[in-house]
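> sequence and predicted structure are below.
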Amino acid sequence: MRRAAALPATFFENLGASSGNCACGERRRGAGRGEAREEAGQGRDRACAVVRPAGNRRRGRGGACGGGGALRGRRRRRALCSRLAPARQGPGPARPPGMVSKALLRLVSAVSRRRMKLLLSVALLAYVASVWGNFVNMSFLLNRSIQEHDELKIESKIEEMVEPLREKIRDLEKSLTQKYPPVKFLSEKDRKRILITGGAGFVGSHLTDKLMMDGHEVTVVDNFFTGRKRNVEHWIGHENFELINHDVVEPLYIEVDQIYHLASPASPPNYMYNPIKTLKTNTIGTLNMLGLAKRVGARLLLASTSEVYGDPEVHPQSESYWGHVNPVGPRACYDEGKRVAETMCYAYMKQEGVEVRVARIFNTFGPRMHMNDGRVVSNFILQALQGEPLTVYGSGSQTRAFQYVSDLVNGLVALMNSNVSSPVNLGNPEEHTILEFAQLIKTLVGSGSEIQFLSEAQDDPQKRKPDIKKAKLMLGWEPVVPLEEGLNKAIHYFRKELEYQANNQYIPKPKPARIKKGRTRHN
């Protein structure tokens, strides 16, 4: 193939620059794409026109460049045009940004369309997953908050139910770890084995404290009809103390040196509720204790009462007064039961040689009284503490003599250890009217309660005052606790009892009397 000779530069300039096609019918690559590449395209077209002689053109069906050879010819011409085109002087003009972006989109779109769909699907799934996750988290948090709220409510209810049990456990632990009251040491010769029936009651529990601290061995027998275990629980576990749940109506076999027979209902609501039980305790129970004293050679002290004097016609009442008692009245079960018990004691003393002591106890008050005792002291104190009217039966001119429980206990011990076998009055000769007593309690409590007068009770004694000359002379005993001091101690005790009741502690409710007639008397 002949090599083309060098052509002058003006040859390319004079060649038809406005033509968009080369001689072979091929459209210039730069035509129609803007003025930016026009100059380079013109140079290539001119070279094509010069190199291709007229005699060397192949004719075919497709025109000047037809058939299969046309494609190869075009490729060769493009390569030749690229060799013959003059070199550019410096960098050419940059392609516009719009064209670059369109070209990139055309290039990327075909390849990445599926990937974009996949990415969009993945992004959509991720968004849905995040929304679902947030919903699940919110649902979980909501359920958790509801569950925690329910748990808190359940815990609060359980706490309310458990708190009283915790208080009882703390009280029990305190009682277990608490030291016993100081106990005097006695030798075997001086130490006595003492039985106290009704020892968990009001007077019996104070007598238990006295004898335990004196160093004796004490056995308490109680059926807890009116007694309470809490009155003596501070001695449970002590080597000198024993508590037996037993009814004295049934025989008891035990070895003792002394017997304090205090078992009997003593408050009007209790013995009016069960008069037969009261009679059995004071008769059959006393009979059993006398039989025990006979068998073991023990000395027995009977806790009798000033009720054996009834509504007295003698004032003050001495031990020689036989009394003025209604044997069929609403309180006859207690009055006559004690009179029979005294008779039985002296019958055993005369016939069997049993040593007996009889104490006729007058009105006594102090801590450990029942809240439902029904007697004037407990009634007035509770009514004043609760702001209720103080109920006075009758005109309030009836007189009573009140002694503190510690004075009575000292008198009982003195009588037991004496040689006096006849009855002895144990009471405070300081006499007060019921109305004066009510005013005194109102003042000590600081209550604004009114005094309410009700109709007088049946068989209510008008006057009661003990003659204690015999006790002073033969026992060297007399009361020493002033009335106001004893009342202050009793008021403090009943305040605590009301707190126990407010804290849902168990306090026995008063039992209604079975009789329809009669009222509670002042005792």
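Perfect, I can see it now. Residues are numbered from 1 along each chain as shown.
> quick one: the residue nearest the centre of the chain and Met272, what's the gap?
Centroid-nearest residue in the chain, with CA atoms, centre = their mean: Glu163, separated by 2.5 Å. From Glu163 across to Met272, the span is 38 Å (CB to CB, to the nearest Å). C-beta here means a position set from N, CA and C on the backbone, and glycine is covered the same way.
> again with Tyr309
From Tyr309 to Met272 the distance is 19 Å (CB to CB).
> for Val413, give me its contacts.
207, 210-211, 214 (CB atoms under 8 Å, 6 or more residues apart in numbering).
> can I get these in CSV including pLDDT?
Below are the contacts of Val413 laid out as CSV (pLDDT from 0 to 100):
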residue, pLDDT
Leu207, 98
Lys210, 97
Leu211, 98
Asp214, 96
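> closest to Lys277 among those?
Nearest to Lys277 among the contacts of Val413: Leu207, at 22.4 Å, using CB to CB.
> which of the three states applies to the closest one?
Of the three states, Leu207 takes helix according to DSSP: H, G, I helix; E, B strand; the rest coil.
> what about it, neighbour count?
Residues lying near Leu207 (other CB atoms under 10 Å) number 28.
> can you tell me the closest non-neighbouring residue to it?
Nearest non-adjacent residue to Leu207, counting by CB to CB, 6 or more residues apart in numbering: Val409, 5.1 Å away.
> distance from the chain centre to whatever helix or strand that neighbour lives in, please.
Under the criterion of DSSP states H and E, Val409 resides in helix 405-416. Mean-position distance between helix 405-416 and its chain equals 43 Å (CA atoms, centre = their mean, to the nearest Å).
> what's the first helix or strand after that helix?
Following helix 405-416 in sequence, per DSSP H and E, is strand 424-426.
> only alpha carbons, please: show stretch 146-161 as PDB.
Below are the C-alpha coordinates for stretch 146-161, written out as PDB (Å, rounded to 0.1, in the frame of the first residue of the first chain):
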ATOM      1  CA  ILE A 146     -47.900  -2.500  84.200                       C
ATOM      2  CA  GLN A 147     -46.300  -5.600  85.700                       C
ATOM      3  CA  GLU A 148     -44.200  -3.500  88.000                       C
ATOM      4  CA  HIS A 149     -47.200  -1.500  89.100                       C
ATOM      5  CA  ASP A 150     -49.100  -4.700  89.800                       C
ATOM      6  CA  GLU A 151     -46.100  -6.100  91.700                       C
ATOM      7  CA  LEU A 152     -45.900  -2.900  93.700                       C
ATOM      8  CA  LYS A 153     -49.600  -3.200  94.600                       C
ATOM      9  CA  ILE A 154     -49.200  -6.800  95.600                       C
ATOM     10  CA  GLU A 155     -46.100  -6.100  97.600                       C
ATOM     11  CA  SER A 156     -47.900  -3.200  99.400                       C
ATOM     12  CA  LYS A 157     -50.800  -5.500 100.200                       C
ATOM     13  CA  ILE A 158     -48.500  -8.300 101.400                       C
ATOM     14  CA  GLU A 159     -46.600  -5.700 103.400                       C
ATOM     15  CA  GLU A 160     -49.800  -4.600 105.100                       C
ATOM     16  CA  MET A 161     -50.600  -8.200 106.000                       C
END
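> quick one: low-confidence ranges for this structure?
Applying pLDDT under 70 to the chain picks out residues 1-114, 174-178, 504-523.
> care to break it down by domain?
9-84, 119-178, 179-502 (automatic domain parsing).
> tell me the most buried of the ones you listed?
Neighbour counts (mean count of other CB atoms under 10 Å) averaged over each of the domains of the chain peak at domain 179-502, with a mean of 19.
> so what's Glu217 bridging to?
The partner list for Glu217 in beta bridges (DSSP bridges) reads Arg193.
> isn't it right next to Asn240, touching?
Yes. Judged on CB atoms under 8 Å, Glu217 makes contact with Asn240 at a distance of 4.8 Å.
> what residues are shared contacts of the two?
Going by CB under 8 Å, 6+ apart, no residue sits against Glu217 while also sitting against Asn240.
> could you measure from Asn282 over to Glu255?
From Asn282 to Glu255 the distance is 25 Å (CB to CB).
> circling back: the residue nearest to the centre of the chain belongs to a helix?
Yes. When classified by three-state DSSP, Glu163 is found to be part of a helix.
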